[in-house]
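1. How does the following fold in three dimensions:
(chains A and B)
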There are 2 protein chains.
Amino acid sequence: MDFNQLQNQLNLSFNQIDLLKQAFMHTSYVNEHRDQNLEDNERLEFLGDAVLELAVSQYLYREYKNMSEGELTKFRANIVCEPSLEQFAKELELYDYLLLGKGEEKSGGRERPSLLADAFEALIGAIYLDQGFDSVIQFLKEFIFPKIEPGAFSHAMDYKTQLQEKVQQQGEQVMYEIVDEIGPAHNRKFIAKVFVGENEKGEGQGRTKKEAEQEAAQKALKLFD
Amino acid sequence: MDFNQLQNQLNLSFNQIDLLKQAFMHTSYVNEHRDQNLEDNERLEFLGDAVLELAVSQYLYREYKNMSEGELTKFRANIVCEPSLEQFAKELELYDYLLLGKGEEKSGGRERPSLLADAFEALIGAIYLDQGFDSVIQFLKEFIFPKIEPGAFSHAMDYKTQLQEKVQQQGEQVMYEIVDEIGPAHNRKFIAKVFVGENEKGEGQGRTKKEAEQEAAQKALKLFD
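-> Next up is the predicted model:
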């Protein structure tokens, strides 16, 4: 693996190149090279996860001044989650640099979503340790933040669409009904129910009718798992 | 509320004292003072949560070099969780500064664990915005980090003790059994089962026998909810 090439590709310049390498070191590789006294990427991933969480939180806090805490939390969860991190890792072509043991390689570890997501978080952890938080922000500004907009990470967020698709496969219809509004006018909450055919499948609440319907759809989706 | 007194108490000096005040502003207070164009503490709490998560992660990463990622994650979850945050908030006497609406005050909001925990996170968010990450670390070093040691936050961690207590109330006995060991010697995993009386109540795995038993106990505890 040519980690200098990776540095060029990612516009990074590490002081401790071993930290960059460690970010890609799967535990299966370490187990096969026990004489070399290596450390796998799991602790870096632990740290990187928190670094990423703060970097994304700060970005959303500043960019979306009208979003409520609840909306921000959902938005963040849709960015810092395995499917998104896997997507980032793929776009950065990180799979080329994963250091895997032979068994892991053979069983397709290089394409495994969790390994790619973990390596992305570990990479963030490595940049943080080597260069500090501002460099992480710089890196994210270049490669990740431009991709962030509401809806871009809808794989987990848009429960209504997901439910619609599942139900259509069964030849049924989805219907929503706002069954109640609670609280004073300036702090109104809506209660929504979702029906598949004639059967109630879930109830949700939210500050807008749409939020309430989304939550109801989310609950209904759990019945399909 | 005398927020200058709070600043002295917490050894802080805000540039924007309104940010400090906002950290204590419950949504019920904002709703009762709509003419004043105030903002509640919920968005600050969103940000503060992530700031605290990183600060604690970094502290644990550096202090506990021999802990695995799994152990670090559990440890962090036991520090950044409502019961711990409530405890921190109480020790700092934050309850005196909560700004609540009349209804919330009357119904005991000032003692509500979630309100105290939220205010603590919002306070961290306010320090971060006003003074930056290093000041947050300084604040935590003075008031919080000295309290952090494995076991100090055992309220959520020690599932075996919790299970023991519940089961004793019913006049029954808890028993653990290591039923399997998997993986190569250098990466061994243990599988534990827990029995209450003669009935199996849960199974867990871990890198040590104790970890496996803890996980089994955690699963068994869910049956009591």
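2. Neighbours of A:A77, how many?
-> Counted with other C-beta atoms under 10 Å in any protein chain shown, residues neighbouring A:A77 total 15. No exception for glycine: its C-beta is placed from N, CA and C like everyone else's.
3. try A:D49
-> 24.
4. That one: which element?
-> helix A:42-63 (DSSP states H and E).
5. what comes up buried for the helix or strand following that helix?
-> Note on helix A:42-63: by DSSP H and E, the next helix or strand toward the C-terminus is helix A:69-79. For helix A:69-79, the neighbour count (16 or more other C-beta atoms under 10 Å in any protein chain shown) marks A:69, A:71-76, A:78-79 as buried.
6. quick one, strands of chain A?
-> A:174-182, A:189-196, A:199-206 (DSSP state E).
7. wait, which of those strands is closest to A:E165?
-> strand A:174-182 (9.9 Å; C-beta to C-beta).
8. mind listing what the closest one pairs with, with the direction of each?
-> If you go by DSSP bridges, strand A:174-182 pairs up with strand A:189-196 (antiparallel).
9. Hmm, A:A119 and A:L94 touching each other?
-> Yes. Shown here, A:L94 and A:A119 form a contact pair, counting by C-beta atoms under 8 Å, at 5.3 Å.
10. tell me, what's touching those two both at once?
-> A:F24 (C-beta atoms under 8 Å, 6 or more residues apart in numbering or on different chains).
11. interface residues of chain A facing chain B?
-> Residues of chain A that fall close to chain B, judged by C-beta under 8 Å from any C-beta of the partner chain: A:27, A:31, A:34, A:42-43, A:45-47, A:49-51, A:53-54, A:56-58, A:61, A:67-69, A:72-73, A:76, A:133, A:184, A:186-187.
12. Kindly recompute the last result at 7 Å.
-> Residues of chain A found near chain B (C-beta under 7 Å from any C-beta of the partner chain) are A:31, A:34, A:42-43, A:45-47, A:50-51, A:53-54, A:57-58, A:61, A:68-69, A:72-73, A:133, A:186-187.
13. and A:G197, how far is that from chain B?
-> Taking C-beta to the nearest C-beta, to the nearest Å as the measure, A:G197 falls 32 Å from chain B.
14. is it true that that residue touches A:E172?
-> Yes. The pair A:G197 / A:E172 is scored as a contact, 4.9 Å apart, by C-beta atoms under 7 Å.
15. What is the neighbour count of A:Y95?
-> 17.
16. dump the residue contacts of it.
-> Counting by C-beta atoms under 7 Å, 6 or more residues apart in numbering or on different chains, A:Y95 touches A:110, A:116.
17. With adjacent residues omitted, what lies nearest to A:Y97?
-> With C-beta to C-beta, 6 or more residues apart in numbering or on different chains as the criterion, A:Y97 has its nearest non-adjacent residue at 4.7 Å, and that residue is A:F24.
18. whoops, A:V51 was the one
-> Nearest non-adjacent residue to A:V51 (C-beta to C-beta, 6+ apart): A:Y128, at 4.6 Å.
19. ok, that neighbour - contacts?
-> A:47-48, A:51, A:136.
20. what about 10 Å?
-> A:19, A:44, A:47-48, A:50-52, A:54-55, A:134-136, A:139, B:54, B:58 (C-beta atoms under 10 Å, 6 or more residues apart in numbering or on different chains).
21. What of A:F133?
-> By C-beta under 10 Å, 6+ apart, the neighbours of A:F133 are A:51, A:54-55, A:58, A:127, B:54, B:132-133.
22. Switch these over to a markdown table; also include distance to A:F143 and pLDDT.
-> Below are those laid out as a markdown table (distance: C-beta to C-beta, whole Å; pLDDT from 0 to 100):
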| residue | distance to A:F143 | pLDDT |
| --- | --- | --- |
| A:V51 | 15 | 98 |
| A:L54 | 17 | 98 |
| A:A55 | 12 | 98 |
| A:Q58 | 17 | 98 |
| A:I127 | 11 | 98 |
| B:L54 | 20 | 98 |
| B:G132 | 24 | 97 |
| B:F133 | 22 | 98 |
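23. Please pick the buried ones from those.
-> Members of the contacts of A:F133 classed as buried by 16+ other C-beta under 10 Å are A:51, A:54-55, A:58, A:127, B:54, B:133.
24. So, low pLDDT: which residues of chain A?
-> Chain A contains residues with pLDDT under 70 at A:150-157, A:225.
25. Now do the phi/psi pair for the spatially most central residue of it.
-> Note on chain A: the residue nearest the mean C-alpha position is A:C81, at 2.2 Å, using C-alpha atoms, centre = their mean. Main-chain dihedrals, A:C81, degrees, to the nearest 10: phi -150, psi 160.
26. do you know how far it is from A:F75?
-> Going from A:C81 to A:F75 by C-beta to C-beta, to the nearest Å gives 11 Å.
27. hang on, the earlier thing: hang on, the residue nearest to A:Y97 packs against A:D18?
-> No. A:F24 is not in contact with A:D18 according to C-beta atoms under 10 Å; the separation is 11.2 Å.
28. Pick out whichever of the two has more residues nearby.
-> A:F24 (26 against 15).
29. residues contacting that one?
-> Residues in contact with A:F24 (C-beta under 10 Å, 6+ apart) are A:1, A:3, A:6, A:40-41, A:44, A:94-100, A:115, A:118-119, A:122-123, A:126.
30. From the residues you listed, list the buried ones, please.
-> Judged by 16+ other C-beta under 10 Å, buried ones among the contacts of A:F24: A:3, A:6, A:40-41, A:44, A:94-95, A:97-100, A:115, A:118-119, A:122-123, A:126.
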